[in-house]
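>>> compute the structure for the input listed below.
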Amino acid sequence: MLFEFIYATQPKEWEKLKQQHGEEVKSKFVHRLKQEIEKRGTLDVLRKGFADCGSRFQLVYFTPESTFNPEHAALYQNNIFSLIRQVKFSQKDEKSLDTVVFINGLPISTLELKNYLTGQNVQNAIKQYRYDRDPREPLFMFKRCLVHFAVDNDLVYMTTRLAGKSTYFLPFNKGFENGAGNPVNPGGFKSAYLWEEVLQKESLLQILAEFILVAVEHVTDEEGNEKEKETLIFPRYHQLDAVRKMVAHAKEHGAGQNYLIQHSAGSGKTKTISWLAHQLASLHTGYDVKIFNTVVVVSDRRVIDKQLRDEILQFQQVQGVVEAIDQGSSQLRDAIDNSRKIIVTTLQKFPFIVNEISKQTDKKFAVIIDEAHSSQTGESTKSLKTVLGSLEEAETENKEEEEITGEEIVLKDIKSRGRQKNISFFAFTATPKEKTMELFGAKNSDGTFAPFHLYSMRQAIEEGFILDVLKNYTTFQTYFNLIKKTEEDPQYEKKKGVALLKSYVELHDHAIGKKTELVIEHYLAHVTRKIDGYAKAMIVTRSRLHAVRYKLMFDKYIKEHNYPIKTLVAFSGAVKDAGKEYTEAGMNRLRSEKLTVETFKLPEYKILIAANKFQTGFDQPLLHTMYVDKKLGGVMAVQTLSRLNRTRKGKDDTMILDFANHEEEIQKAFQPYYDKAILIKATDPNKLYDMERNLYDFHLYNKENVELFAKVFFKRGATQEKLHPLLDTIVVEYLKREKKERVDFREQIKNYIRLYAFLSQIVSFKDVNLEKLYAFLRMLARKLPPDKDRLPVEITDNVNMDTYRIQQISNGSIELEKATGELKPMEGLGTGKGAGDEKEFLSLIIEEVNERFGTDFTDGDKVFFAELETRLTGNQTLNQSAKTNTKDALKLVFAHIFEDQLHTMVESNFDIYKKIVENAEFGQFVKEKMFEEVYAKLK
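Have a look, this model is predicted:
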């Protein structure tokens, strides 16, 4: 196929080479091509060709940009695509690959195909690549074959670098109902889009020409030596889909359009923007007329202009395509006049940029706006303020500072000008506000607005690109209640936190000293060993003055206790307090505040104290825990808490302790961007014992199994080979059970793991059996084969035991091994209310419920109803409505709030919750009784 292509497209060059090499021309040609591919990689050779003894050869002809060159169009038709099954790849044995895709004789992609009906799925394909495909074989060497796909009937995963058991596969799926996976395909397999769409001739050629990238990163090893690290980037499906749809729409409709791209953190927006900018810059109509004279990229990402330059040079061997505007109006005018293809600028310059290109009515522009959320404090538009002398005034200042945002700068400017026929806007954001949606979104028939393309937070989380920061979110009140429940129980350690929490709730809101003590002790007890001991934390303060005082108190407390950690503070400008002026650089002892981010990377700096800074756009994967001491709402809540969501090796959870907000507020903020945001509420730690008992009741394992596992798992120097046999026998028995039982067992394991992981960050358990079971279930969960209709996550056959063991030892699991005895669940938890009327109401409702519905609820179940009533009577909306509405009108409001509050209490008593939800008559009875009681109190 290779020579067939060369003969048909470059006969003159072949004849020249033949004169040089004679009869050995084929072998010498192949030898020279092999040398070039080994040195440069297949992608670079395909794009740039290679030379041999004065002859120059192209190995592929990409799709012509225009029809001006019919000769190139004819050459393009001579490309030879082939797909070969059962390809042998080694001279050592007879092993073969399921499928290899070739272009002009060069292998581009391999596929391992698995079929549910034969008992195999995508996990088997991934395992095959990891353990049965030697990366030293030529076909599997890095940059030789460009992408490897693991495929089954439903799902597709991909990798561009095989590295044995360390090979990392990414999902290459369309997404289903805003989550992971693929939609039903009426015409065949869910995964059929891979060969019906992606691997088609024109599609594959475009991916080769305009998408695949080699990213070069400069990294420093443990010895301080800097070296280059290469990564071959193949677009994820949503990136490919988004760029193609935007380009196709722009080609059809021309300039003057608005596009909203709602792509979550973890979506790879910078790469998507690079691909889009490049393709829009070279986009022509069917009549070979350029659609856009210039593409303007507006971003506050400092590296984006260099990144764009480096990446576009891989597509076109032309210098000067990208120009960063940093010198003002004359530079911009020159760039436009000289028809620079791509201009990169910042959000601060946006009004000036739009004003300038609006005047150029004879030219057409594509403006790509990247995450228009950077906060502009508006200092340049305000007169000098008097020195603020109190925290209350500092909070007022903070509100003023937040009035102007980068997004509002963009929205205000575009809206004031109206839609302009010569400018198309492409707005990228993970968290669009309503105004953004209205301005850039597509209007539906029902009057609502939707993004042009969506990659949701839920999908990013389910596909493993970001962490779910709400998984371990807790308010201070929840935290306090959990600690309070364990205080009198001898099974729990009485940490410093108990006394601290008690004193805190009796103090004023601004008790920074007590909060300082609480945060540092919590960090040292529960956070410092996370992420292999590198975990960092951030405290978000409500004002710059708060940040200053926190920094002073933190450093004082750390020094007094001789703790081996350091802190940094981040705030803009200068703050005066008690006659002294403070700056960020001065408090951090740095030459400039620009050094704060780099300094925070150093291992000794563990906590960053931030005031209206680094809440957006700050990317630090080592951030594990956030302490929030500031009211947050809407987009700001999502962006701030999402600072924790970056993934990293060894980071499998996060923690948020919130002093200032309520669960409902955070839930409401996240809801538009993630349709299944679930916040964990206060729960009884003893529910773990219920879960433990329920799991043993499946009779798939016993206490002896757990004990044998723990002896191996927590022993230093133990190997995984000794662990797997202990779990394999359980897996065999598990597979014999009915599907419904398997699903239930797996779900209960997940619930135990999640609840224990959450509670262990707050409560120190003395019962070592809970810890042993947690370790046992985490590994067992990874061993259990998924059912066919269950979406697999990234497969990790071998848990990193050393890393995991260090974390468990640090939490005290080994020291507690000698503890014996069985914990008894706490009984008769009080509600904290002493009024006789309250007790009477709760007792009566229990009695009446049991009598009418044949239930067996006890006085212990009063806790659920007491908590529900407390939430309802404390609800601000209900209180306001009670002041102005009649009883009947209030009842309508109550019905909605009752439902909302009920759903937030699913963890508290699942049996009652389920009864209310599933039995309509029972639910209505409880709702009416609760309404009468709440109404009486509110009135």
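
>>> residue 260 belongs to a strand?
Yes - counting by DSSP: H, G, I helix; E, B strand; the rest coil, residue 260 is located in a strand.

>>> count the neighbours of it for me.
Using other C-beta atoms under 10 Å, residue 260 is surrounded by 24 other residues. Any C-beta I mention is one placed from the backbone N, CA and C, and that applies to glycine too.

>>> please apply the same query to the one 4 residues further on.
Other residues within reach of residue 264, judged by other C-beta under 10 Å, total 24.

>>> residue 217 belongs to a strand?
Yes - applying three-state DSSP, one finds residue 217 inside a strand.

>>> so it is in contact with residue 233, correct?
No - Residue 217 is beyond contact range of residue 233, at 11.3 Å (criterion: C-beta atoms under 8 Å).

>>> look at those two and report which has more neighbours.
residue 233 (15 against 9).

>>> now do the contacts for that one.
Counting by C-beta atoms under 8 Å, 6 or more residues apart in numbering, residue 233 makes contact with 160, 212, 213, 214, 215, 271.

>>> closest to residue 51 out of those?
For these, the minimum distance to residue 51 (C-beta to C-beta) is 20.8 Å, reached by residue 214.

>>> report the secondary structure state of the closest one.
strand.

>>> SS state for residue 148?
Criterion first, three-state DSSP; result for residue 148: strand.

>>> for it, which non-adjacent residue is closest in space?
residue 110 (4.8 Å; C-beta to C-beta, 6 or more residues apart in numbering).

>>> give me phi/psi at that neighbour?
phi -110, psi 150 (degrees, to the nearest 10).

>>> got a list of what it touches?
Residues in contact with residue 110 (C-beta under 8 Å, 6+ apart) are 87, 97, 99, 100, 101, 139, 140, 145, 147, 148, 149.

>>> try it again at 10 Å.
The contact partners of residue 110, by C-beta atoms under 10 Å, 6 or more residues apart in numbering, come to 87, 89, 97-101, 129, 133, 139-140, 145-150, 162.

>>> got it, and residue 892?
By C-beta under 10 Å, 6+ apart, residue 892 lies in contact with 881, 885.

>>> with just CA atoms, put the host helix or strand of it into CSV.
Element membership of residue 892 [criterion: DSSP states H and E] is helix 887-903. Output of helix 887-903 as CSV, limited to C-alpha atoms (Å, rounded to 0.1, in the frame of the first residue of the first chain):
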residue,chain,number,x,y,z
LYS,A,887,-53.3,29.7,56.2
ASP,A,888,-54.4,28.2,52.9
ALA,A,889,-51.8,30.2,50.9
LEU,A,890,-49.1,29.3,53.4
LYS,A,891,-50.0,25.6,53.0
LEU,A,892,-49.1,25.7,49.3
VAL,A,893,-45.7,27.2,50.1
PHE,A,894,-45.3,24.7,52.9
ALA,A,895,-45.9,21.8,50.6
HIS,A,896,-42.9,22.7,48.4
ILE,A,897,-40.6,23.4,51.3
PHE,A,898,-41.6,20.2,53.1
GLU,A,899,-40.6,18.2,50.0
ASP,A,900,-37.3,20.0,49.7
GLN,A,901,-36.4,19.6,53.4
LEU,A,902,-37.5,15.9,53.4
HIS,A,903,-35.1,15.1,50.6
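
>>> returning to that earlier point: distance of the residue nearest to residue 148 from residue 159?
Residue 110 sits 10 Å away from residue 159, going by C-beta to C-beta, to the nearest Å.

>>> any common contacting residues for those two?
The overlap between the contact sets of residue 110 and residue 159 (C-beta under 10 Å, 6+ apart) consists of 129, 147, 148, 149, 150.

>>> tabulate those (TSV), appending pLDDT, distance to residue 674 and neighbour count.
Formatted as TSV, the shared contacts of residue 110 and residue 159 follow (pLDDT from 0 to 100; distance: C-beta to C-beta, whole Å; neighbours: other C-beta atoms under 10 Å):
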residue	pLDDT	distance to residue 674	neighbour count
129	96	31	23
147	97	30	19
148	97	31	25
149	98	28	27
150	97	27	28
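
>>> on that earlier part again, biggest separation within the contacts of residue 233, which pair?
Among those, 160 and 271 lie farthest apart (C-beta to C-beta), at 13.3 Å.

>>> would you confirm that residue 347 contacts residue 299?
Yes - look at residue 347 against residue 299 with C-beta atoms under 10 Å: they come within range, at 7.5 Å.

>>> nearest residue to residue 102 in space, please, no chain neighbours.
Here the residue nearest residue 102, using C-beta to C-beta, 6+ apart, is residue 82, at 4.6 Å.

>>> which helix or strand contains that neighbour?
Assigned by DSSP H and E, residue 82 falls in strand 81-88.

>>> strands paired with that strand, and their directions?
strand 96-103 (antiparallel) (DSSP bridges).

>>> count the residues that sit near residue 177.
Considering only other C-beta under 10 Å, residue 177 is surrounded by 12 other residues.

>>> how about the helices in the stretch 501-650 of the chain?
Here the stretch 501-650 of the chain has its helices, by DSSP state H, counting those that start in this stretch, at 512-522, 530-533, 544-561, 584-588, 596-600, 634-641.

>>> want to throw these into JSON lines with distance to residue 785 and mean neighbour count?
Below are these laid out as JSON lines (distance: least, C-beta to C-beta, whole Å; neighbours: other C-beta atoms under 10 Å):
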{"stretch": "helix 512-522", "distance to residue 785": "39", "mean neighbour count": "20"}
{"stretch": "helix 530-533", "distance to residue 785": "29", "mean neighbour count": "19"}
{"stretch": "helix 544-561", "distance to residue 785": "49", "mean neighbour count": "19"}
{"stretch": "helix 584-588", "distance to residue 785": "52", "mean neighbour count": "19"}
{"stretch": "helix 596-600", "distance to residue 785": "42", "mean neighbour count": "16"}
{"stretch": "helix 634-641", "distance to residue 785": "35", "mean neighbour count": "22"}
